[in-house]
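# Okay, sequence plus prediction incoming.
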Amino acid sequence: MSLRRYVVRRTLLTLPILVGVSVLTFGLVKLLPGTPVDYVLQFQEATPELRASLRAQYHLDEPLWRQYLLWLNDVLHLDFGERVVSDRSVSAAVAERIPETLALGGIAFLIAVLVGVPAGAVAAVRRGTLLDEGSRVLALAGIATPNFWLGLLLILLFGVHLDLVPVIPPVAPLLAPESLAFLVLPAVTLGTASAALFTRLTRSAVTEQLRQDYVRTARAKGLDERTVIVKHVLRNSLISVVTVAAVQVAFLLDGAVVVERVFSWPGLGRLLVRAILQRDFPVVQAVVLLVATAVVVANLLADLLYAWLDPRITY
Amino acid sequence: MPPVTTSRRRLLRWVGAASVAGLAGCTGGDDDSELVATLGADVSTYDPTLANDTTSRKAFDLVYDALVAIDFEGTVRPALATSLDQRDDLTWRISLREGVSFHDGTDLTAADVKATFERYEGTPRESDVFLWYDGATIRDDHTLDLSLAEPYAPLERSLGGVPIVPEAAATGELDLSDGPVGTGPYAFDTHEPDRLFRLTRNDDYWYDGDAAPATPPIETLTFRIIVEQSSQLAALQSGDIDLANNPPTDAVTDLREDDAITVSDRLAGGFEMLVYPLATPPFSNRDVREGISRLLPREEIISSVYGGVGRPAYAPISPLLEEYTSESFLQEMADEYMRYDPERARELLASGFADLDISVPYETTIVTNETGDRVRWAQLVRDELNRTDFFDVSLEQFEWNTYIERVLAGDSHRSDAMMALGWSGGWDPDSYLRPLFYGGQATPSCCNAAHYANEEVDRLLDEALTTYDTAERRALYEQAQRQVVADAPVGFVRFGTRIEAFRSDVVDGFRTYPLDSGEFTAIYAPWAGTYTTVGGG
């Protein structure tokens, strides 16, 4: 199969996945106990008429399948309706969070790759040395540390004790230097586990490549070790790293829910948590759908990249 | 999850010891002064008819004025109304202050007030107004007559909870979802969702008395939205914020030891209680209920869960309302029905269980939401009940909405679970009794989760609600409370407190307002002679 046909086929295959995601997104939200009406009224005295009119406002009086179709129709028009807890549009509320989460996730991903891949490569090349053992211990600690705890620890150390950075985000545009500087701690918090994973993964991939015949050939040819590692071994090792990188996108979005709360960062994660707590169903559905789509697309890209990186693989 | 709590507490200790004296976030001087406070959640709406969350209400509290204001002791003070003149049982003449303008430049007139009342109809906050409102007749630009459907004793204080908005908000010309528009001492500036909510001083404020400056001393109020309580404390201790509301009780002891921080607390208008499902045996038996109420270890709860802050509750009306309750009344209720007394409790439980012919130990649960303090007092109650031969109690925690759904469902009284619940009342005694103990307020209409129904109590509450004379009202509420406490549909646990922590070198003049959504009142409340200043020490 040609690469072009593979790309088309693989892309089309995501459509049924997205439909499944939409059904799940809609259905899971409906499984949550409580409705927006319960939240809106809470401990207020309310007449049955007021309850009924509020239910109708959120289409809760329609059968479930009809609610789904109404919702899907709106979603296909990129109209997620109005929020339950305020009269702002859902699309606007979600859209304004995307840059914030992308910035946090992007920096965290960069840190993870820039720290994890070289660390793993060095560990593999210096296998069995103190450096290797050290990176193993650090990686294990990185994976095992809950990011909630790590975040608080970093805040207390750098924000309060050393007073080097503000504890809450500066009032500045997203790309202003002080905003980016503030993002370092949350990004480190968010990226640590991924960095650790990349380290271990790169280490085993590089170790495996080092045993290959072509490495012996390259060395026999007289190439210097640096070229052997960087140009040949590392490049061939990256294939498995790329696959995992796609999964890490989901992991980073997941972790953002916690890290954004600890660092008071106004991203999608905080919007989502609050929307769940307030039974703000339209927002929950929009964010979950967005994140799920992002993960599906990331996996698609990884598969395509994989095919491009390793033309030997046939499908 | 006790391990997490302990480690967090330890971390906070460390911060306390290492507290940094430097300050940031605000500058002295009158013209660019700023107070940085926090909100524990985002502001969800600017419209008083929609706002059911205390966060939104406290955030826009300083943007709107009401006809009257309720000061720190519960006294009604004139605000937008210069007088409320009762013409007869059902009619009040309201005279409005002249020369007051909204932040959008329009002048306040009687039409704005009438429109404010009427736009509550059919909204989630309908009962704020339509419990008493029957109509309003505009006499002239600054006078209107308010008609009530029935006499309504809490009217003046209820008016204090109705923020006046421009008539244009009712006609649709003005959209309050773009930003709150009121006549208050601060005008809306910006809201960056989940980041900050900012207000700036209204330089045309109407106040012209001598008790406070004519406009607020602080130019800008910035509320940073910080959900995580540990992060909020770190921000306070690092000086990134100046003032924090409701710090977690387990951190208060450490905050008190920190010289840079002042902790302010006072008795609030609310209580914690254990609600019994009255339709389910053995809770249908009065002796069993009194037995459980006499096993609630209130003193221990206050000392070990709340760090010694708060008072044991033996009746619903908060001692904050000095006109309607007293310490001696509470002690009398304690002696007769409620005080912790394991021996008496065992007698009562023995007789109750014997009457019901239920085999012991009886297996049951206490349900609670995940609020740490509430979970911990419920644990103490569980342990206390399990020390008797009568109960085998376990604790179930629910996420807030699931918990609300359980507690406020129509069949809460038939479930097999006692419910740990908190209640916030207001300045009027009715708010501590009617929603919880009036027959017609049984869930899901409102909040009477026990489905307690006693005709005598209903009658007393109705009569008290329509009696304007304070002494007569007090007598009626005493009778109603006595009856409720004797019937023991719930076990009262603790009257709560409000706590604030602020940076001692920055914030001056701040006081704690005892009720929900009044957290920032003290920033500028000229009608109470109260205002806050900021400055570098």
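On my side now, so go ahead.
# What segments of the stretch 151-300 of chain A are helices?
Counting by DSSP state H, counting those that start in this stretch, the stretch 151-300 of chain A has helices at residues A:177-210, A:213-220, A:225-227, A:234-262, A:268-277, A:281-309.
# Flag every residue of the stretch 51-200 of chain B that's near chain A.
B:52-53, B:122, B:124-127, B:131, B:177, B:192-196 (CB under 8 Å from any CB of the partner chain). Heads up, the C-betas are built off the backbone N, CA and C, glycines and all.
# how about 10 Å then?
Residues of the stretch 51-200 of chain B lying close to chain A by CB under 10 Å from any CB of the partner chain are B:51-53, B:56, B:121-128, B:130-131, B:175-178, B:190, B:192-196, B:198.
# Just those: which are in strands?
Cross-referencing those against strands under DSSP state E gives B:190, B:192, B:196, B:198.
# Any of those buried? List them.
B:196, B:198 (16 or more other CB atoms under 10 Å in any protein chain shown).
# Now the two most distant members of the ones in strands among the residues of the stretch 51-200 of chain B next to chain A.
Distances among those were taken as CB to CB; the most separated pair is B:Glu192 and B:Arg198, at 8.4 Å.
# Can you check which residues contact both of these two?
Residues within reach of B:Glu192 and of B:Arg198 at once, by CB atoms under 10 Å, 6 or more residues apart in numbering or on different chains, are A:Val171.
# how many other residues sit next to the residue lying closest to A:Ala218 once chain neighbours are set aside?
Among residues not flanking A:Ala218 along the chain, A:Val228 sits closest, at 4.9 Å (CB to CB, 6 or more residues apart in numbering or on different chains). Counted with other CB atoms under 10 Å in any protein chain shown, residues neighbouring A:Val228 total 20.
# Now do the residue in the stretch 151-300 of chain B that chain A sits nearest to, the pLDDT please.
Nearest to chain A, among the residues of the stretch 151-300 of chain B, is B:Asp194, at 3.5 Å (CB to the nearest CB). Looking at B:Asp194, its pLDDT is 87.
# Which residues are in contact with it?
Shown in contact with B:Asp194 (CB under 10 Å, 6+ apart): A:93, A:96-97, A:100, A:169, A:260-261, A:264-267, A:269-271, A:274, B:41-43, B:225-227.
# Run a quick check on the residue nearest to A:Ala218 versus A:Asn236, I expect a contact.
No: the criterion here is CB atoms under 10 Å, and A:Val228 misses it with A:Asn236 at 11.2 Å.
# what about stretch A:186-201 and chain B, any contact?
No: judged by CB under 10 Å from any CB, stretch A:186-201 stays clear of chain B, getting no closer than 11.0 Å.
# centre of the chain versus that stretch, how much separation?
Centre-to-centre, stretch A:186-201 and its host chain are 12 Å apart (CA atoms, centre = their mean, to the nearest Å).
# And the average pLDDT for it is what?
For stretch A:186-201, mean pLDDT is 91.
# hey, where'd the helices end up in the stretch 351-500 of chain B?
Going by DSSP H, counting those that start in this stretch, the stretch 351-500 of chain B shows helices at B:372-386, B:400-407, B:430-437, B:455-465, B:470-487.
# I'd like to know which of the contacts of B:Asp194 are part of strands.
If you go by DSSP E, these have B:Ile225 in strands.
# returning to what we had before: tell me which of the helices of the stretch 151-300 of chain A is the most buried.
Mean neighbour count (mean count of other CB atoms under 10 Å in any protein chain shown) peaks for helix A:268-277 among the helices of the stretch 151-300 of chain A, with a mean of 23.
# Just give the nearest non-adjacent residue to B:Leu320, would you?
B:Gly269 (5.0 Å).
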